[in-house]
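**Student:** Structural data only, the sequence is not supplied:
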């Protein structure tokens, strides 16, 4: 199984939307709270934010899974209906 890449996020608010500095300083600017940080620094000290982001992504994936299952049910029911009429 492939190792999942950890997404970079703001260490202050756990937002994954940020801008990268254009001055080659490798700083990131959070679009939500305007916090400035250097990626990879002090990430381990904010495990609560990492957990929060992972839980958010988990909920999004579960919602997507439910949508796909509903689409599959609709597809299977129409496929079965076509078999009956043939």
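**Tutor:** Everything's here; your move. Bear in mind that the values here come from a model prediction, so they are computed numbers and not experimental data.
**Student:** Okay, domains of this protein per the record?
**Tutor:** 13-42, 54-86 (automatic domain parsing).
**Student:** how about the strands in the chain?
**Tutor:** 18-20, 28-30, 36-37 (DSSP state E).
**Student:** From residue 15, how far out is residue 34?
**Tutor:** 10 Å (C-beta to C-beta, to the nearest Å). For the C-beta atoms, the positions are set from N, CA and C on the backbone; glycine is no exception.
**Student:** Could you report the separation of residue 26 from residue 8?
**Tutor:** On the measure of C-beta to C-beta, residue 26 and residue 8 end up 11 Å apart.
**Student:** Please identify which of residue 34 and residue 15 sits among more neighbours.
**Tutor:** residue 15 (15 against 10; other C-beta atoms under 10 Å).
**Student:** and the more buried one, how far is that from residue 77?
**Tutor:** Taken as C-beta to C-beta, the span from residue 15 to residue 77 is 40 Å.
**Student:** Can you give me the buried ones in stretch 25-42?
**Tutor:** 28, 30, 37 (16 or more other C-beta atoms under 10 Å).
**Student:** need the helix or strand of this protein with the lowest average pLDDT.
**Tutor:** Lowest by mean pLDDT, DSSP states H and E among the helices and strands of the chain is strand 36-37, with a mean of 78.
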